[in-house]
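# Okay, sequence plus prediction incoming.
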Amino acid sequence: MSRASSHEGFRDEALRAALASALAGKPAPLEDLLSRRGDGHGARPNFRLAAAFGTELSALPGSAARLLDRLGANDAAPDTAEVFLPIAAAHGWVGRLRAEREVGAAWAALAPLAGDERTPVRLGTLDALASFSRHPGGGDELLAQAIDWLELDDREVRFGAAGVVVEVFADRQALAALAEPETLLDYLSRAIAAVAGAPRAAERSDARRRLLLALPRTLATVAAGLRAGDRGAAWLEEECRGARHPDVRGALSKTVLILADKSSGQGAALAQGLRAALEGSAKPPRDPTRIRPGAARGRSSRPMR
């Protein structure tokens with residue numbers, strides 16, 4: 001996934017004119033240009049264009065909610081060019097957040113965009129939120145809202161948005177920009193509890209599955225990245241000691257394997273301590289006498305149950 005590296009606005013006069021027309025109540029030219037140039041359904045969506053749109057919206061006086069609501073509500077299929085419009089809306093709302101305008105409306109609109117079932121829309125929203133979170137204060141603002149998103153009634157949006165938020169903090173730059181890292185640990189604990197506490201019917205949820213897939217890389221980043229007093233590692237060890245749900249244990253097991261890999265740059269002691277904590281919280285075997293001698297060999301490179 002490419003990420004916008006700058007916050008420059010539109011360089012194209014046609015786009016500026018189309019934006020002015022859209023704000024005046026004629027959105028068709030802007031929607032056409034964004035759709036054709038955005039390549040939202042392609043292998044490399046034009047997130048730079050979406051970020052430029054967000055920059056234009058951040059400098060805009062007055063209200064942009066009507067236009068952004070229209071773009072965000074577009075329900076185009078993920079294999080069509082128009083799927084770029086909600087991606088642009090996500091960046092536009094983040095632009096409003098940067099300008100400290102229409103803040104409540106922005107956060108309310110970003111939750112369903114982050115939890116959207118369409119992959120291009122989720123990736124575009126992730127790109128927008130990750131960019132916002134790399135700046136001082138941005139990640140803390142996101143977490144304050146994301147905790148509330150865990151209480152949303154719509155299960156798919158609730159888990160889907162959580163998966164995107166978790167992915168944001170797999171980025172070390174976003175992690176380093178946090179003023180209150182403890183808020184992230186609290187959020188991750190709540191997200192893990194939400195996974196474990198979901199009813200059995202939720203186990204078929206694609207959004208819940210995406211959240212579980214997002215957790216290991218972020219948990220590994222937190223364990224390695226919050227080095228002040230080894231707080232991240234200590235927190236993760238506590239989670240391993242208390243883990244009971246099989247799906248949560250699976251995500252924690254993958255986290256330990258990431259940290260145990262030499263390419264992670266972490267010493268073996270961190271992974272070994274987490275492995276011991278996770279193995280210690282496992283259910284005992286029904287018949288310990290049936291464990292074969294030597295069955296534990298090579299266990300440091302194997303997943304745990």
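Nice, thanks for sending it over.
# Which positions in the longest helix seen in the chain come out as buried?
Ranked by residue count under DSSP state H, the longest helix found in the chain is helix 206-225. Within helix 206-225, the residues scored as buried using 16 or more other CB atoms under 10 Å are 207-212, 214-225. Quick note: C-beta positions are derived from backbone N, CA and C, even for glycine.
# what sits up against stretch 108-124?
1, 40-41, 45, 47, 50, 68-69, 72, 77-78, 83-84, 86-91, 93-94, 125-126, 128-129, 145, 149, 152, 154, 156-161, 163-165, 206-207 (CB atoms under 8 Å, 6 or more residues apart in numbering).
# let's see 7 Å
By CB atoms under 7 Å, 6 or more residues apart in numbering, the surrounding residues in contact with stretch 108-124 are 1, 40-41, 45, 47, 50, 68-69, 72, 78, 83, 86-87, 89-90, 93, 125, 129, 149, 152, 156-158, 160-161, 164, 207.
# again, but for stretch 136-146
107, 129, 132-133, 165, 168, 174, 177-180, 183-184, 187.
# if we go to 6 Å?
107, 132-133, 165, 174, 177-180, 183, 187 (CB atoms under 6 Å, 6 or more residues apart in numbering).
# Ok, stretch 36-51 next?
So stretch 36-51 is contacted by 2, 4, 79-81, 83-84, 87-88, 91, 120, 127 (CB under 6 Å, 6+ apart).
# Show me which of those are buried.
Buried among the contacts of stretch 36-51 by 16+ other CB under 10 Å: 4, 81, 83-84, 87-88, 91, 120, 127.
# Give me the below-cutoff pLDDT ranges for the stretch 151-300 of the chain.
226-229, 264-265, 267, 284-300 (pLDDT under 70).
# Quick one: neighbours of the nearest residue to residue 129 once chain neighbours are set aside, just the number.
Of all residues not flanking residue 129 in the chain, residue 168 sits nearest, at 5.3 Å (CB to CB, 6 or more residues apart in numbering). Here the number of neighbours of residue 168 (other CB atoms under 10 Å) works out to 28.
# For residue 168, grab phi and psi.
The phi and psi values for residue 168, taken as degrees, to the nearest 10, are phi -50, psi -40.
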